[in-house]
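Participant: 3D model of this:
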Amino acid sequence: MDKLKILLVDDDKTFLEVMAPLIEVEGHKVKTATNGIEAVNLLEKESFDLVITDLKMPISDGLTLLESVKFRNPDIRVIIITAYATVDKTIKAWREGVYEFLTKPFTWADLKSIIQKAASEKKGD
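Facilitator: The predicted structure is shown next:
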């Protein structure tokens, strides 16, 4: 399994503080951002294999970030996590090329499994 460079985006700083170390223990490199604008600034400076973003955030939401990521590099996989899934937003995310849509609450095993899948598929890129 390849190791990934992951951008983790959520306005909940506690979520970032908990999830980033869990992902890093798996051997992946993680950068964090607290909103979509901060994330785009990081994407302009560095390359990432995977973006994990919350859907509902102030300033710039996850769908806007998804569009921006796919515009910059369509090969970057994006996982959207949310407690506010609606049919409209889910359909829009799939149309924009989301890799996975994960509904809160989810377990670490759920997210870890998706990250592992993305890492194993990276070899085929």
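
Participant: what is the neighbour count of Thr30?
Facilitator: Check again: residue 30 is Val, not Thr. Residues lying near Val30 (other CB atoms under 10 Å) number 20. All C-beta spots, glycine's among them, are computed from the backbone N, C-alpha and C.

Participant: who does it bridge with?
Facilitator: For Val30, the residues forming beta bridges with it (DSSP bridges) are Ile6.

Participant: give me the pLDDT for it.
Facilitator: With respect to pLDDT, Val30 scores 98.

Participant: ok, it touching Leu8?
Facilitator: Yes - under the criterion of CB atoms under 8 Å, Val30 is in contact with Leu8, at a separation of 5.6 Å.

Participant: quick check: neighbours shared by these two?
Facilitator: Common contact partners of Val30 and Leu8 (CB atoms under 8 Å, 6 or more residues apart in numbering): 20, 23.

Participant: buried sites along stretch 100-112?
Facilitator: Across stretch 100-112, burial judged by 16 or more other CB atoms under 10 Å covers 100-102, 111.

Participant: which phi and psi does the spatially most central residue of the chain have?
Facilitator: Nearest residue to the geometric centre of the chain (CA atoms, centre = their mean): Ile52, 1.2 Å. Dihedral angles of Ile52 (phi, psi; degrees, to the nearest 10) stand at phi -110, psi 120.
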